[in-house]
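# Pasted the sequence and its predicted model underneath.
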Amino acid sequence: MAGKQQDVVDVLLDQHSQIKSLFSRVASEPKGTQKRELFQDLVRLLAVHETAEEEVVHPVARRRIDSGEQVVDSRRKEEDQAKRELAQLYDMGVDHPEFNAKLAKLSEAVAQHADREEAEEFRSLRQQVPQEQLVRMAGAVRAAEQTAPTRPHPHSGESAPANLLAGPPLAVFDRIRDAVRDWRETQRVR
């Protein structure tokens, strides 16, 4: 992309690729520390990605693209279901006997969601929203990700206002939990 600034669609497509790769890597890893770390990376990426979409992308798509309300409502229902399943997997842990089967089911659902999002919402954004706005939205997505929770909170709300209100306190709480978890894991290694 030399000479061209990334727009919001570029950023989200890159993240979709990373998410699919992480699902594959988690699934292929045997039980243990590496699988747990990869899964934590996947959880964090999915959580911040969906929060940023809910705060920045969906509101614009709802207003600016043809059938925006219907498209966004369908994607948000899928995202809500994925959050619930991801939270269950997180609570279950990577060493649970049912983890891989449930991960495979979630991976397929997330891949289908991403395909629909790319075909409907992202394509329409590129066609109906000025390029300058799409570039500015990329910056807004990056900013939203900095204050997003690092794990799914399916009961916190599924709208931009709910995320803006609940997101920062949950993000601080999540980051503290992440730091404590990381500290505990380094203490076990010694």
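Good, I have the coordinates. Numbers count the residues shown, from 1 in each chain.

# in this protein, which residue is closest to the centre?
residue 46 (2.5 Å; Cα atoms, centre = their mean).

# can you pull the contacts of that residue?
Neighbour list for residue 46: 19, 82, 86, 110, 152 [criterion: Cβ atoms under 8 Å, 6 or more residues apart in numbering]. Every residue, glycine included, has its C-beta placed from N, CA and C.

# Which one of those is nearest to residue 126?
Nearest to residue 126, judged by Cβ to Cβ, of those is residue 19 at 20.1 Å.

# pretty sure the closest one contacts residue 110?
Yes. Using Cβ atoms under 8 Å, residue 19 is in contact with residue 110, at 6.6 Å.

# secondary structure element for the residue nearest to the centre of the chain?
helix 33-52 (DSSP states H and E).

# Convert that helix to PDB, retaining C-alpha atoms only.
Provided in PDB are the C-alpha atoms of helix 33-52 (Å, rounded to 0.1, in the frame of the first residue of the first chain):
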ATOM      1  CA  THR A  33       0.900 -23.000  27.600                       C
ATOM      2  CA  GLN A  34       1.400 -22.200  23.900                       C
ATOM      3  CA  LYS A  35      -2.300 -23.000  23.100                       C
ATOM      4  CA  ARG A  36      -3.400 -20.900  26.100                       C
ATOM      5  CA  GLU A  37      -1.300 -17.900  24.900                       C
ATOM      6  CA  LEU A  38      -2.500 -18.200  21.400                       C
ATOM      7  CA  PHE A  39      -6.100 -18.400  22.600                       C
ATOM      8  CA  GLN A  40      -5.600 -15.300  24.800                       C
ATOM      9  CA  ASP A  41      -4.300 -13.500  21.700                       C
ATOM     10  CA  LEU A  42      -7.400 -14.600  19.700                       C
ATOM     11  CA  VAL A  43      -9.800 -13.500  22.500                       C
ATOM     12  CA  ARG A  44      -8.100 -10.100  22.800                       C
ATOM     13  CA  LEU A  45      -8.200  -9.500  19.000                       C
ATOM     14  CA  LEU A  46     -11.800 -10.500  18.700                       C
ATOM     15  CA  ALA A  47     -12.900  -8.400  21.700                       C
ATOM     16  CA  VAL A  48     -11.200  -5.200  20.500                       C
ATOM     17  CA  HIS A  49     -12.100  -5.800  16.900                       C
ATOM     18  CA  GLU A  50     -15.800  -6.200  17.600                       C
ATOM     19  CA  THR A  51     -15.900  -3.300  20.000                       C
ATOM     20  CA  ALA A  52     -14.300  -1.000  17.400                       C
END
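
# and the contacts of residue 46 as TSV, adding neighbour count, distance to residue 5 and pLDDT?
Listed next are the contacts of residue 46 as TSV, based on neighbours: other Cβ atoms under 10 Å; distance: Cβ to Cβ, whole Å; pLDDT from 0 to 100:
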residue	neighbour count	distance to residue 5	pLDDT
19	18	23	97
82	18	30	91
86	23	31	91
110	22	27	96
152	24	30	67
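
# Much appreciated, bye for now.
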